[in-house]
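>>> sequence? don't have it. structure:
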């Protein structure tokens, strides 16, 4: 947002869960993310941890099945 930086990648992976008016969704979708934060203004970008290859998916995403 500020265009300044520096940017820092967090050491922890977090998860986004489905929002259902404040109720916990058991068995709902979970997206693992790694926050990347601007040290100047605090702007935070969430990077998908599976696509960034920080984590392995528990099962292949749709359309990405292994064709061995």
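Arrived safely, thanks for sending. All figures in this text were calculated on a predicted structure; none of them were measured in a lab.

>>> On the three-state scheme, residue 56 is what?
coil (DSSP: H, G, I helix; E, B strand; the rest coil).

>>> Looks like it contacts residue 13 (just checking).
No: Residue 56 lies out of contact with residue 13 (CB atoms under 8 Å); the separation is 11.9 Å. Yep, even glycine has a C-beta here, placed from its N, CA and C like the rest.

>>> Comparing the two, which residue is more hemmed in?
residue 13 (15 against 8; other CB atoms under 10 Å).

>>> Spell out which residues sit in contact with the more buried one, please.
Counting by CB atoms under 8 Å, 6 or more residues apart in numbering, residue 13 makes contact with 32-34, 49, 54-55.

>>> Which strand runs longest in the chain?
Once the chain is assigned using DSSP state E, the strand that runs over the most residues is strand 30-38.

>>> Any idea how far that one is from the middle of the chain?
Between the centre of strand 30-38 and the centre of its chain there are 4 Å (CA atoms, centre = their mean, to the nearest Å).

>>> Mind checking what helix or strand follows it in sequence?
For strand 30-38, the following helix or strand on the C-terminal side (DSSP states H and E) is strand 44-48.

>>> Now do that next one, average pLDDT.
The average pLDDT for strand 44-48 rounds to 97.

>>> And stretch 7-26, by the same measure?
In this model, stretch 7-26 has a mean pLDDT of 92.

>>> most neighbours, which of the contacts of residue 13?
Neighbour counts for the contacts of residue 13, by other CB under 10 Å, peak at residue 33, which reaches 20 neighbours.
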